[in-house]
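Peer 1: here are the coordinates; sequence isn't available:
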């Protein structure tokens, strides 16, 4: 490191150096020079902050094969005394085990990144180490390059990763993310005003849940015909929509294995048929159970079928349950809890009532709001089911493909916002802008 003195009288220089904080920074130059910071407020008084990676290898030179952590990429010092310095290392591979810094030949392209907080005591002698600690921030993952931007204000801290990748399976976006702390970095939380973009919906898994109780006898052919017509309204053949069908009637309380619940059957697995003709033929082949109406248990069965779908973990898939019934649930005491459980797992529920249906139960199934008929459809007799196909299809597509993100929402079109690209908590001293550094390779 080369440190140049200004050509001015000694007394003037000493007065100048008493009035400012001197910071001498050694930066890593192609992996040869140790990353460090020399800090002092008096002439001949210097303190050193060293990269965790350098500390872990007990040396001051990185081997050529080790990728730099870019310790000091972002540097902030608070105006409070004693000052706390926030130092970022956005290319550090693992803050927990810094000696595992990646080789160039390894996964250097996906570093976690991290930040370190150092409390500087100016009354310490130079040989006394400063108090530094790596801050543990939840939610930081490989590839985040966390610490590309950071700031501090007293006990408040914020650090961001504008390069944060949100993998939506079929598409990749970079919404970025920020975390904030109000206790000097001991605990962290997501930035409260941070928009939360959602993965765009590209697929639908739809399960028709059909009442197969004895009261449907004589009308089950109409139910199957309606189900087939409704299923054909969705794009099955290019894979956008996957259809499944469950028939329900009775539940045996002494049997715990779903495979032996013969009146709770998966007639068609989600996505089992890839063409409309095959799907229509399979629906036509379903035979009526006849018996009771265990609607709540049928909803639990439906959850299991959704979870068995290969697209269960795909965030770009909307899951729709369309339940048709013609009477009161035999297990209506469990209906509210079960319906809430299903919806809490991201399933959008529609309830179709025919004939002697119970409106309150339909509302409980659909939204849980007994004063609202949102996503509730009803007809007086089975022959009228064909009249709701168009409106039901439109609402399913509206809910599934548009979801809850509207143009007025903060998350709208934030997929590539790179939140946290630049942040400012308060008037802090950005030392790196005011200090001139000169470095040599050794």
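Peer 2: Okay, I see it. Please read all numbers here as calculations on a predicted model, not as lab measurements.

Peer 1: Residue 268 pairs with what?
Peer 2: Listed by DSSP bridges, the beta-bridge partners for residue 268 are residue 245.

Peer 1: Can you get me a residue count around it?
Peer 2: Residues near residue 268, counting by other C-beta atoms under 10 Å, number 24. Using the backbone N, CA and C atoms, a C-beta is placed for each residue, glycine as well.

Peer 1: so where do the strands sit in the stretch 101-250 of the chain?
Peer 2: In the stretch 101-250 of the chain, the strands defined using DSSP state E, counting those that start in this stretch lie at 114-119, 131-134, 149-153, 156-161, 166-167, 172-173, 177-181, 189-190, 203-211, 241-248.

Peer 1: To residue 397, which of those strands lies closest?
Peer 2: Taking C-beta to C-beta, strand 203-211 is the member of these nearest to residue 397, at 8.4 Å.

Peer 1: what packs against the closest one?
Peer 2: Helices and strands touching strand 203-211, by 3 or more C-beta pairs under 8 Å, 6 or more residues apart in numbering; DSSP states H and E, are helix 220-231, strand 241-248, helix 295-308, strand 317-325.

Peer 1: can you list the domains in the protein?
Peer 2: With domains defined by automatic domain parsing, the chain comprises 48-198+422-429, 203-402.

Peer 1: sorry, back to before: I'd like to know which of the helices and strands packed on strand 203-211 lies nearest to residue 212.
Peer 2: strand 241-248 (4.1 Å).

Peer 1: so what does that closest one touch, helix or strand wise?
Peer 2: strand 203-211, strand 264-268, helix 276-284, helix 295-308.

Peer 1: Which stretch among those is buried most, on average?
Peer 2: Of all the helices and strands packed on strand 241-248, strand 203-211 carries the top mean neighbour count, a mean of 25, counting by mean count of other C-beta atoms under 10 Å.

Peer 1: Show me the strands in the stretch 251-400 of the chain, by range?
Peer 2: Remark: strands assigned in the stretch 251-400 of the chain by DSSP E, counting those that start in this stretch are 264-268, 317-325, 347-354, 376-379.

Peer 1: hmm, back to that, which one of the helices and strands packed on strand 241-248 lies closest to residue 133?
Peer 2: Closest among these, using C-beta to C-beta: helix 295-308, at 41.9 Å.

Peer 1: elements contacting the closest one?
Peer 2: By 3+ C-beta pairs under 8 Å, 6+ apart, helix 295-308 packs against strand 203-211, strand 241-248, strand 264-268, strand 317-325, helix 335-344, strand 347-354, helix 359-366.

Peer 1: quick one on the thing from earlier: now the helices and strands packed on strand 241-248 as a markdown table including distance to residue 48 and mean pLDDT?
Peer 2: Below are those laid out as a markdown table (distance: least, C-beta to C-beta, whole Å; pLDDT from 0 to 100):
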| stretch | distance to residue 48 | mean pLDDT |
| --- | --- | --- |
| strand 203-211 | 55 | 95 |
| strand 264-268 | 67 | 96 |
| helix 276-284 | 70 | 96 |
| helix 295-308 | 55 | 96 |
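
Peer 1: circling back to that earlier point, export the strands of the stretch 101-250 of the chain to TSV and tack on distance to residue 254?
Peer 2: Supplementary listing: those in TSV, determined by distance: least, C-beta to C-beta, whole Å:
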stretch	distance to residue 254
strand 114-119	55
strand 131-134	56
strand 149-153	60
strand 156-161	53
strand 166-167	45
strand 172-173	50
strand 177-181	50
strand 189-190	47
strand 203-211	23
strand 241-248	18
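
Peer 1: hang on, the earlier thing: tabulate the strands of the stretch 251-400 of the chain (CSV), appending distance to residue 176.
Peer 2: CSV is the format used below for the strands of the stretch 251-400 of the chain (distance: least, C-beta to C-beta, whole Å):
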stretch, distance to residue 176
strand 264-268, 42
strand 317-325, 24
strand 347-354, 29
strand 376-379, 40
